[in-house]
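**Student:** just to be clear, the model below is a prediction. Sequence and coordinates:
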Amino acid sequence: MPKHLVIVESPAKAKTIEGYLGKDFVVKASMGHIRDLAKGNDAIDVEHGFSPKYIVSEAKEQVVNDLKKLAKKADTIWLATDEDREGEAIAWHLYEELGLTPHNSKRFVYHEVTKKAILKAIEQPREIDYDLVNAQQARRVLDRLVGFELSPILWRKVRPSLSAGRVQSVAVRIIVEREREIQEFNAQSSFKVNGIFLSEKEPIPFQAELSTKFDHEADAEAFLKHCTHAQYAVRSVETKPGKKSPSPPFTTSTLQQEASRKIGFSIDRTMRIAQILYEAGHITYMRTDSVNLSDDAIVLCAGEIEKSFGKEYVQTRKYQNKSSNAQEAHEAIRPTDFSATLPSLSKDEARLYDLIRKRAIASQMADAILEKTTISIEIDPKSKHMFIATGEVIKFDGFLAVYSESQDEESDQEDSKRLPAISQGEHLLNESIKAVQRYSKPPARYTEASLVKKLEELGIGRPSTYAPTISTIQKRNYVIKDNRDGKKREYVSLTLQSGVISKETLSENHGAEKAKLFPTDIGMIVNDFLVENFGNIVDYNFTANVEEQFDEIARGELEWNKMLESFYTPFHSEVTKIMTGPQKRASSARELGIDPNTGLTVYATLTRFGSAVQIGEIGAEIPPKFASLKQHQSIATISLEEALDLFKLPRSLGLFEEKDVKVGIGRFGPYIVHNSVFTSLKPEDDPYTIELERAIELIIQKRELQASRLIKAFPEQPEVTIVNGRFGPYISFGKSNVKIPKGTDPNTLTLEQCNTFAEEQGKTLQKVAPKSKAAAKKKETKSTLTTEKPKVKKATTKKATAKKAPTKKTVKKNIE
DNA sequence: CAGTGAGCGAGCTTCCGCTTGACTT
């Protein structure tokens, strides 16, 4: 019987550590926090020192019970949770919940899961650090207070079920403010001039850029004219040594960024796959903010580099963390085994593993040695303009042999090339000169990964919450990840060749976006409301400021409930002021102008059913008319013309088979209705311009599809049919669907068989309303108590989400 | 399933961080 029970946070870690310790030790995992604040609004007694009420959640009961049993049998219980604030709190909660005493329990901490580190750590046990625990309690309580006082204000002032919080509201703010910068951005154009030159000795053409840009076409043209008679000579040749150093090994945030840029993974997918690699023992822990590698790892890594590349490629380094609130309870993310023999993995796992391994290896490799050459070319001795050619040659590749980091935005610089050997004073021949109109670019929209980077820079959120936070703000419909088609734009290109200047007008695509984050109307309204009324909470520095105070608590210099007191008093009085103030909703209405037909005012506004345009006033004699916005339209940017267009639907296209054909936009996107049969438009069809002929084509297509859908019907029981669905044949059984067992030919099924299958699958022929079905489901899932929300919500939210992706749904339907 | 665009009122929603599983049409 083992005498010692060691409790860590993660089961994979438990397994590893158990291997390091002797037979007397059993190592178990707490699976993260075991207790949390009670659910409702009564978890914190603000009147009495913010005393918190903790409960063991249903999901953790089993874990706690198992640990209790083991603890009873053990002589010593070692609390070996992470060294950071949260880990210390977990240790304390365990201590309390398991009824431990100073006599039967000890605490030890480690920064890396290596045998040496663990054995050393257990030699140096300590007490639970209550100052650190209190810092965590302050953090936890503050987050609850902020979230649970701000959210209800939004329910009342904006819309039910919304949420606000210290982290998510700032994330939304970042997206909203960037969108506004982009909206306000005016692209300026200028003419960038490039020449192709040749040396007489070494006739390899190379490119050089003019040191000045021209704002106007006329200036560019005048310059090219001037160049028709120019004499080119090399004024100077400068060669400078340079070097590039590798980046540190991955943290959670940098892994998410690079996996997004290099292999196109969403941050969610990255974390899911990293978890698999971690559990299989291929990588170290993936939720970390540390760039540090253990000494053991560095030795192993250096050995691998020497073996694969040679000694001159080895340069071991210790990296310093840049982010200020890093807690560094773990190592950086690295392979557990650096050798080139890769474990057998799925394709995605292999790609992520490869990235992690190369990045870690490169971090311990030598700098790349470069040589940068700059050649200045004068046009003629009098001209103030000059052409500059730059080239870069890699003298020693170093870490570049393994890994080079990608940038968020592609820079304009092309791959720097080797320049021909040229000496000062030498005359050059010019092959051609081009002046091309270039536009300035607006700030880039955020991707999920670049938003994580920004949050990390601001010290907001933790490695374990980056991905969940970003999915929360999308679930709340504050932000959507979306694509945009670019717009065509013309630009001018002037070319001087063989003494002749020619002009071309070309066109380019700009502003196309893929998987970028856009604020929704509701996101903007909520943000504006919070910025106006709670600017201090959604301030970019709010977290940094409270973090400083948490640190003071952790150092024992500040009492945690005093800190909360001084935060909460002014905060709560602000909350009360707004809750008891005028019962006005946060207004989103934007005046667009006057409708020329009726003379009434046109508004863009947020309604119960989402963003819409409105003609006329509520409460006026003539009730206002409404029309929903299309996808990609927003209250902030819609124009009067676009708004008026929305009232052109539904429209009649004419008669087909003596019945009216109408086109409109519904819940699932644009549709045609004819003889009360609905047909979706294809993505390429525009409901505003579609003509009768095309509509009839789609109606007939739909009929053909319907015909091939039905495999078999039973006249004696018309609710039962066998049909072809998206996933193959199935039995449509009243309102529910029944699976056909594998190996059964759907064509030969009898009605009796169908009824038997239905019975076996627990389906009845009652016309079950979807509501009660979902309620039953809710009951089922209740006991598991995951973070997943019940599937069916209030009518408003349901509709709002359904509206989100009409085109997607349409596509699916068409495939069917 | 393809419409709608309130305010008589029933009761709900919500935070951040730490961890892994157990669920289907």
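**Tutor:** Okay, I see it.
**Student:** which residues touch A:W155?
**Tutor:** A:W155 makes contact with A:S161, A:L162, according to C-beta atoms under 8 Å, 6 or more residues apart in numbering. Placement of C-beta: from N, CA and C, glycine included.
**Student:** before we move on, what about A:A350?
**Tutor:** A:L342.
**Student:** let me know the helix or strand that it is in.
**Tutor:** helix A:347-362 (DSSP states H and E).
**Student:** put the alpha carbons of that helix into CSV.
**Tutor:** Below are the C-alpha coordinates for helix A:347-362, written out as CSV (Å, rounded to 0.1, in the frame of the first residue of the first chain):
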residue,chain,number,x,y,z
LYS,A,347,-1.7,14.2,-40.7
ASP,A,348,-2.8,17.1,-38.6
GLU,A,349,-0.9,15.9,-35.6
ALA,A,350,2.2,15.4,-37.6
ARG,A,351,2.0,19.0,-39.0
LEU,A,352,1.6,20.6,-35.6
TYR,A,353,4.3,18.3,-34.1
ASP,A,354,6.7,19.2,-36.8
LEU,A,355,6.1,22.9,-36.2
ILE,A,356,6.7,22.5,-32.5
ARG,A,357,9.8,20.4,-32.9
LYS,A,358,11.4,22.7,-35.5
ARG,A,359,10.7,25.8,-33.5
ALA,A,360,12.2,24.3,-30.4
ILE,A,361,15.2,23.0,-32.2
ALA,A,362,15.8,26.3,-34.0
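**Student:** helix, strand, or coil at whatever residue of the stretch 251-400 of chain A ends up closest to DNA strand B?
**Tutor:** Closest contact between the stretch 251-400 of chain A and DNA strand B, by C-beta to the nearest atom of the strand, is at A:R287 (4.4 Å). Secondary structure, DSSP: H, G, I helix; E, B strand; the rest coil: A:R287 is coil.
**Student:** residue ranges in the stretch 301-450 of chain A under the pLDDT threshold?
**Tutor:** A:323-324, A:409-416 (pLDDT under 70).
**Student:** and stretch A:275-287, which residues are buried?
**Tutor:** A:I276, A:L277, A:Y278, A:H282, A:I283, A:T284, A:Y285, A:M286, A:R287 (16 or more other C-beta atoms under 10 Å).
**Student:** go on, stretch A:500-518?
**Tutor:** Buried residues in stretch A:500-518 (16+ other C-beta under 10 Å): A:I501, A:K516, A:L517, A:F518.
**Student:** tell me the contacts of the second one?
**Tutor:** Shown here is A:K516, whose contacts under the criterion C-beta under 8 Å, 6+ apart are A:R445, A:Y446, A:T447, A:K481, A:D482, A:N483, A:R484.
**Student:** so which helix or strand takes in the fourth one?
**Tutor:** Element membership for A:K481 (DSSP H and E) is strand A:479-484.
**Student:** contacts for the helix or strand just after that strand?
**Tutor:** Next in sequence after strand A:479-484, counting helices and strands by DSSP H and E, comes strand A:487-497. Contact partners of strand A:487-497, identified using C-beta under 8 Å, 6+ apart, comprise A:189, A:191, A:217, A:220-221, A:224, A:227-228, A:431-439, A:501-511.
**Student:** cool, stretch A:60-77 as well?
**Tutor:** A:1-7, A:26, A:28-31, A:33-35, A:56, A:94, A:97-100, A:104-106.
**Student:** in helices only, show me those.
**Tutor:** A:L94, A:E97 (DSSP state H).
**Student:** give me the PyMOL select line for the contacts of stretch A:60-77, limited to the buried ones.
**Tutor:** Here is the PyMOL command that selects only those of the contacts of stretch A:60-77 that count as buried (16+ other C-beta under 10 Å):
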select buried, chain A and resi 2+4+5+6+7+26+28+29+30+31+33+34+35+56+94+97+98+100+105+106
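**Student:** of the contacts of A:K516, buried ones?
**Tutor:** Using 16+ other C-beta under 10 Å, the buried members of those are A:R445, A:Y446, A:T447, A:K481, A:D482.
**Student:** A:R173: which of those residues is nearest?
**Tutor:** The closest of the buried ones among the contacts of A:K516 to A:R173 turns out to be A:Y446 (C-beta to C-beta; 11.7 Å).
**Student:** OK, contacts around A:V393?
**Tutor:** Per C-beta under 8 Å, 6+ apart, neighbours of A:V393: A:L370, A:E371, A:T373, A:R418.
**Student:** confirm it sits in a strand?
**Tutor:** Yes - per three-state DSSP, A:V393 lies within a strand segment.
**Student:** related to what we said a few turns ago, the contacts of A:V393 in strands, which ones?
**Tutor:** Among the contacts of A:V393, DSSP state E puts A:L370, A:E371, A:T373 in strands.
**Student:** residues near the first one, how many?
**Tutor:** For A:L370, the neighbour count with other C-beta atoms under 10 Å is 19.
**Student:** my read: it touches A:G242, true?
**Tutor:** Yes - the pair A:L370 / A:G242 is scored as a contact, 4.1 Å apart, by C-beta atoms under 8 Å.
**Student:** what touches both of those two?
**Tutor:** What both A:L370 and A:G242 touch, as defined by C-beta under 8 Å, 6+ apart, is the set A:E392.
**Student:** who are the contact partners of the closest residue to A:E426 other than its chain neighbours?
**Tutor:** Distances taken as C-beta to C-beta, 6 or more residues apart in numbering place A:V234 nearest to A:E426, at 4.7 Å, with adjacent residues excluded. A:V234 makes contact with A:I375, A:S376, A:I377, A:I422, A:S423, A:Q424, A:G425, A:E426, A:H427, A:L428 under the criterion C-beta under 8 Å, 6+ apart.
**Student:** hmm, who's touching the host helix or strand of A:K712?
**Tutor:** Using DSSP H and E, A:K712 falls within strand A:710-713. With C-beta under 8 Å, 6+ apart as the test, strand A:710-713 has contacts from A:V720, A:T721, A:I722, A:V723, A:N724, A:P729, A:P746, A:N747, A:L749.
**Student:** quick check: mean pLDDT of stretch A:589-609?
**Tutor:** On average, the pLDDT along stretch A:589-609 is 89.
**Student:** what comes up buried for it?
**Tutor:** Result for stretch A:589-609 [16+ other C-beta under 10 Å]: buried residues A:R590, A:L592, A:D595, A:L600, A:T601, A:V602, A:Y603, A:A604, A:T605, A:L606.
**Student:** returning to that earlier point: ok, then the element right after the strand holding A:K712?
**Tutor:** Downstream of strand A:710-713 (by DSSP H and E), the next one is strand A:720-725.
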